[in-house]
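Novice: below are the sequence and a predicted model; questions follow.
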Amino acid sequence: MQTLAKSPEISRIWRTNMRALNGPKGETPIFSPLPPGRIRPRATPTGVDTLWVDHLPSPRLVHSGREPLAEAAYWVDNVLGGDWRVAIVYGFGLGYHIDEILRRYPNRVVIVVEPDKQIFETALQNRDLSHLLPLPNLYFCIGGSAEDAAKTAFDHLRENLQAGQPVLVAWPYHNRAYGDYWQVVQRRMAEYANQDVVNMLTYRSLSYQWVSNFFVNLSTSVQDPGVPALRRLFDGRPAILVAAGPSLDKNIAQLAKVQGRAVIVAVLQAARALQRHGIQPDLVVSFDPKDINYERHFTDLDLSRFALAYAPIVHPRIVAEHPGPRFVMGTDIYPFSHWMYEATGEGKGRILSGPSVANLSWDLLCQLGCDPIVFVGQDLAFTGNKSHADNVTGGGGLSPEMVAQVTANPQEYTWVDGVDGEKLLTNKSMYAMKIWFEQRIVLLDNSRRIIDATEGGAYIAGSELMSLADVIDEICVESFDPPGNLAALHQAEQERLHASGAPAKMLALVEQVLNELQEIERIAQEAATPLRKLVAQAEKEKLSTSRYEALYRKIRGFDKAMHQLDTSKYVVAPTIHHQIQAVNIIANRFLKESDLAAKSRLLADVYLPLFQAAHEAAGIIRSYVTEAKDHLQAGG
């Protein structure tokens, strides 16, 4: 039975725990022994001490004042059933309940969130925890903000995704004393998980389409100006960011008064609704690669009246058919585009990507220098039981199919606070957009005004609520010429790009990419042979340690040779990103495995799918690049 250390033993136990804490698990937060103060050990009748905390409004015990160990066992019995593989436990205290969890489930993953750093430091100096601290399946998130704790805990959870769905449980004292902190941790972790799911599904469904569209657009995009040319073009000028939410119907007609007094930037989905009201956006933004984006939102637009800002992976007909000024937006999720433009000496800049084109448009306006940025039609919720404004293709009220989907899949939807204080239904995608805006607004640190003049929808924390009429009267008061500024800049930049020889430089790079894709196919094909040998010998139990190490070095050599190629790093790997993530889960098990045969099978499980995916991707992409080469040679 362990009891808390008395004064002469404190320094010894502290040193023992710190040695255990600073083991092979990476960086450790800085901890310091505490003088007697608000947190003190207290004896119990069983001889196992509890912990007393002077916690306002009244002192509290972290563990039972009579039988802490029995309390821990009872808690595990009643809170943690046997059907889990990863537990996120809120509260460490003196660790009795963590002891009990790992005694019963020694091979399962436990992530501890302790909001009070001083409680953990008290445990370190009073109780020998050297049996717990070095465990490879025990992780700690100690002190700091709830947001930081959520991020750290989620990172640990992501490392252990192969273990299965996590359970989240709270020690009673911590739930009472630090309940608000725990609520924030849970909410933020859910947000991180939601964003991960959205990103993973997007990658899996669109990765080849992104690459295909990029290379189809390449002969045009290499000659179009990029974001660097646009930076600070409208420094200090107001901008209206028009999205296609249901509330756009309320105030869209008022936007006619803004023409020539603010930069009107519309997501492509809202452009037709604006033009039907006689309003011409100055800049339309599009980055969706899918056919439906072109068919629903681009056809039948008056293309002569606005400039286009596009991601290089956008649907190719949007780029090919737009006759006016075009600007390319490099983004942070397509490394192949950034690498290829930069390699020619004519980078297109980087726009922060997000769950939707509205998020991307917001960052573009920040780089344009616009201040304030005003949201219109940015509901991020089913305002009035509608998904979009009436004049948007696919808009109007919720269809019976949509209502049925909400009923059948409640986990895909949630409720948010509206700008008027009401609760509004939203889905995961729109909720991810809202969180993205809120996180980026915080990072602005009040350097510019963000105004929400949607007059409906979800409340975006950090934004300033105003009616569009007040925005027009108080902010959009000076006349200027956004279309003329954009057209003049585009003409000057196109002339400069042509003189710089950018298309010829891109053609040379495309030829390099083709050669490297062929090399990737060769390496991937040859690497399969030692992997199959490794598995065969492991199954026949003829695999010695030396033979395993020789084959492992050979496999790693193929891997290194492939990843030294720029085309592998910047084109192939991003295309199969979702497969790499899935394989990384197996890689975690491989690193922890000690049995040679099992380790060999896991090594094959890691590398065979990767080499096969790389071989397939290189072949598919090679056809796209060959077509791009033909267009570049023909002069676009």
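Specialist: Sure thing, it's come through.

Novice: quick one: the strands in the stretch 301-450 of the chain, in order.
Specialist: Under the criterion DSSP state E, counting those that start in this stretch, the stretch 301-450 of the chain contains strands at 307-310, 326-328, 373-376, 386-388, 396-397, 413-417, 423-427, 450-452.

Novice: do you know which of the ones you listed lies nearest Val606?
Specialist: Closest approach to Val606 among these is made by strand 423-427 (35.2 Å; Cβ to Cβ). C-beta coordinates here come from the backbone N, C-alpha and C atoms, glycine included.

Novice: shouldn't Val419 be in contact with Ala458?
Specialist: Yes. Judged on Cβ atoms under 8 Å, Val419 makes contact with Ala458 at a distance of 7.4 Å.

Novice: which residue of these two possesses the greater neighbour count?
Specialist: Ala458 (27 against 20; other Cβ atoms under 10 Å).

Novice: who's that one bridged to?
Specialist: Using DSSP bridges, the beta-bridge partners of Ala458 come out as Gly418.

Novice: thinking again about what came up before, deepest-packed of the strands of the stretch 301-450 of the chain, please.
Specialist: Of all the strands of the stretch 301-450 of the chain, strand 373-376 carries the top mean neighbour count, a mean of 27, counting by mean count of other Cβ atoms under 10 Å.

Novice: what's the average pLDDT for it?
Specialist: If you average the pLDDT over strand 373-376, you get 97.

Novice: for stretch 563-575, same thing?
Specialist: 90.

Novice: which residues touch it?
Specialist: With Cβ atoms under 8 Å, 6 or more residues apart in numbering as the test, stretch 563-575 has contacts from 207-208, 210-211, 334-336, 338-340, 512-513, 516-517, 519-520, 562, 580, 614, 617-618, 621.

Novice: got it, and stretch 537-550?
Specialist: Contact partners of stretch 537-550, identified using Cβ under 8 Å, 6+ apart, comprise 534, 596-597, 599-601.

Novice: ramachandran angles for Gln183?
Specialist: When read as degrees, to the nearest 10, the backbone of Gln183 gives phi -60, psi -40.

Novice: and what of Phe92?
Specialist: The phi/psi pair for Phe92 (degrees, to the nearest 10) is phi -110, psi -40.

Novice: how many residues are close by the residue lying closest to it once chain neighbours are set aside?
Specialist: Closest residue in space to Phe92, ignoring its immediate chain neighbours: Glu114 at 4.1 Å, by Cβ to Cβ, 6 or more residues apart in numbering. Neighbourhood size, Glu114 [other Cβ under 10 Å]: 24.

Novice: Thr344 too?
Specialist: Count around Thr344 with other Cβ under 10 Å applied: 19.

Novice: with adjacent residues omitted, what lies nearest to it?
Specialist: Lys505 is the one closest to Thr344 (Cβ to Cβ, 6+ apart), at 4.0 Å.

Novice: now do Arg317
Specialist: Tyr294 (5.2 Å).

Novice: same question for Thr122.
Specialist: Among residues not flanking Thr122 along the chain, Ile39 sits closest, at 4.7 Å (Cβ to Cβ, 6+ apart).

Novice: spit out the contact partners of that neighbour.
Specialist: Counted by Cβ under 8 Å, 6+ apart, Ile39 has contacts 51-54, 118-119, 122.
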